[in-house]
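Enquirer: Just need the structure, nothing else, for what follows:
(4 chains)
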There are 2 protein chains.
Amino acid sequence: MPSSIPDIVISRLPIYLRALERLSQEGHEVTSSHELGKRLGISSAQIRKDLSHFGGFGKQGTGYKIAFLREQLRQVLKVEREWEVALVGAGDLGSAVARYKGFAERGFHIACVFDSSPEKVGRSIDKFSIQSIDQLPSIIQERGIRIAMIAVPAEHAQEVANTLVGAGVKAILNYAPINLSVPDDVHVQYIDPVLHLQRMTYYLT
Amino acid sequence: MPSSIPDIVISRLPIYLRALERLSQEGHEVTSSHELGKRLGISSAQIRKDLSHFGGFGKQGTGYKIAFLREQLRQVLKVEREWEVALVGAGDLGSAVARYKGFAERGFHIACVFDSSPEKVGRSIDKFSIQSIDQLPSIIQERGIRIAMIAVPAEHAQEVANTLVGAGVKAILNYAPINLSVPDDVHVQYIDPVLHLQRMTYYLT
DNA sequence: AATCTAGCGTGAAATTCGTAACAATGTTAT
DNA sequence: ATAACATTGTTACGAATTTCACGCTAGATT
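Expert: Here you go, the predicted model:
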């Protein structure tokens, strides 16, 4: 394993993993770089090259055993374990995120939900009881939580990020439509569906 | 303007636009590639180069007038107008999407909501009355809708996409965790928050 | 008016990324 | 057993992308 694998390669692995899980569900047991590539709209050469960064997962002549490759990718991505995630913001967006089943189904458990509004603190969303943001640092530190999602208005997102970083969070999924400044050792990913729409309107005549 | 501008450049423009709108809200009137770059974690040279694909929007020595640059980017991206968007799927995810205010605020109006379940048809989510998917082609064609969002289970996403494409949709924002096959002239963007989380766990020790 | 400074636009250089091609190797058919 | 075939892992190449560096212009300063 080279000391540093390009970021862009890492970003494709979850896509491969997702496709493998789908293939598995459909009853397939083996696949090839060609089949995967066709499904994903990615060249077979790229898939082979990406995977080869981590060692030989396939067999010449036969392709890849799906169960095995999936397990290897899970380990590379460190998603063979379960992760606890903190959610900050219990407004419309935060509530929707809290209720979304897809996180837990795929190994990311929402461990706690915070909001700054005294009205909301103490209420519940599904099984989650909303806690005051004042308690965020101590709770996150105690439970050793490393991943958080931000679903607060843009005006407060940076402030929340600072608090999270101070509490030891190292990965942030930001739903607020704003770029965050964080230390180099903290990872941030963004979700803004409007951005995706705007990327497509350019091409509409 | 070169005949073909790299996709990756286009994909950054909405990020610039979002930052400009924020700067504007904060009361700034001019900015520079350095200031923008610092906010976004992008090099100033890249910002200048990206923008220069579309003509000289700045002034040497002084930078960019925010209001002007914003308007130019809006026109380039074709988001100076309002767009109508169809939403397919009125389950948990679809309902959350329908209720999200961020789309309309930024020029994307949900024009109609479809679901295949007879139970849901006729009910409402906020102001949207859920319509049968059988009526999708005629409604989309009549209203000339070109953009759609898919929020149905993965199993049905491809089928829905085919229907949408048949009805004339040219841009799809897919919330289902599956890759879609569509003709070359149809654009697809994906939203899967779990993918983003998995991209970050790799880096957690 | 002359000088200075900030900062854009741009061509060239450097780097990163993707593709093509092929040797190696396992599988299947005869 | 041998031949024919399929498909990986990898290297070498070419394309795409980013960064560098500098000429040039607009405004600020003296």
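Enquirer: drop to CA atoms for contacts and neighbour counts, all remaining ones
Expert: OK.
Enquirer: Go ahead and flag the most central residue of chain A.
Expert: Taking CA atoms, centre = their mean as the criterion, A:Leu173 is the residue nearest the geometric centre of chain A, at 7.1 Å.
Enquirer: just checking, next helix/strand downstream of the longest helix along chain A?
Expert: Taking residue count as the measure and DSSP state H as the definition, the longest helix of chain A comes out as helix A:7-25. For helix A:7-25, the following helix or strand on the C-terminal side (DSSP states H and E) is strand A:30-31.
Enquirer: and that following strand, is it in reach of DNA strand D?
Expert: Yes. Counting by CA under 7 Å from any atom of the strand, DNA strand D has neighbours in strand A:30-31: A:Thr31.
Enquirer: For the residue nearest to the centre of chain A, give me its contacts.
Expert: Contacts for A:Leu173 were tallied using CA atoms under 8 Å, 6 or more residues apart in numbering or on different chains; they are A:147-150, A:188-191, B:196-197.
Enquirer: Out of the residues you listed, name the two that are farthest from one another.
Expert: When these are compared pair by pair using CA to CA, the two farthest from each other are A:Ile147 and A:Ile191, 15.1 Å apart.
Enquirer: neighbour count winner among the two?
Expert: Neighbours were counted for A:Ile147 and for A:Ile191 using other CA atoms under 10 Å in any protein chain shown; A:Ile147 has more, 27 against 17.
Enquirer: show me the contacts for that one.
Expert: Counting by CA under 8 Å, 6+ apart, A:Ile147 makes contact with A:83-86, A:169-173.
Enquirer: Compare those residues and tell me which is most surrounded.
Expert: Of all these, the most densely surrounded is A:Ile172 (27 neighbours; neighbours counted as other CA under 10 Å).
Enquirer: Make sure that one is indeed in a helix.
Expert: No. If the criterion is DSSP: H, G, I helix; E, B strand; the rest coil, then A:Ile172 is strand and not within a helix.
Enquirer: Mind listing what's buried along the lengthiest strand in chain A?
Expert: Taking residue count as the measure and DSSP state E as the definition, the longest strand of chain A comes out as strand A:108-115. For strand A:108-115, a neighbour-count test (16 or more other CA atoms under 10 Å in any protein chain shown) marks A:108-110, A:112-115 as buried.
Enquirer: Tell me the strands beside that strand, with direction?
Expert: According to DSSP bridges, the neighbouring strands of strand A:108-115, each with its direction, are strand A:83-88 (parallel), strand A:128-132 (parallel).
Enquirer: For these, give me a markdown table that also has distance to DNA strand D.
Expert: Listed next are the strands paired with strand A:108-115 as a markdown table, based on distance: least, CA to the nearest atom of the strand, whole Å:
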| stretch | distance to DNA strand D |
| --- | --- |
| strand A:83-88 | 29 |
| strand A:128-132 | 40 |
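Enquirer: For these, give me a markdown table that also has mean pLDDT.
Expert: As requested, the strands paired with strand A:108-115 are arranged in a markdown table below (pLDDT from 0 to 100):
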| stretch | mean pLDDT |
| --- | --- |
| strand A:83-88 | 98 |
| strand A:128-132 | 98 |
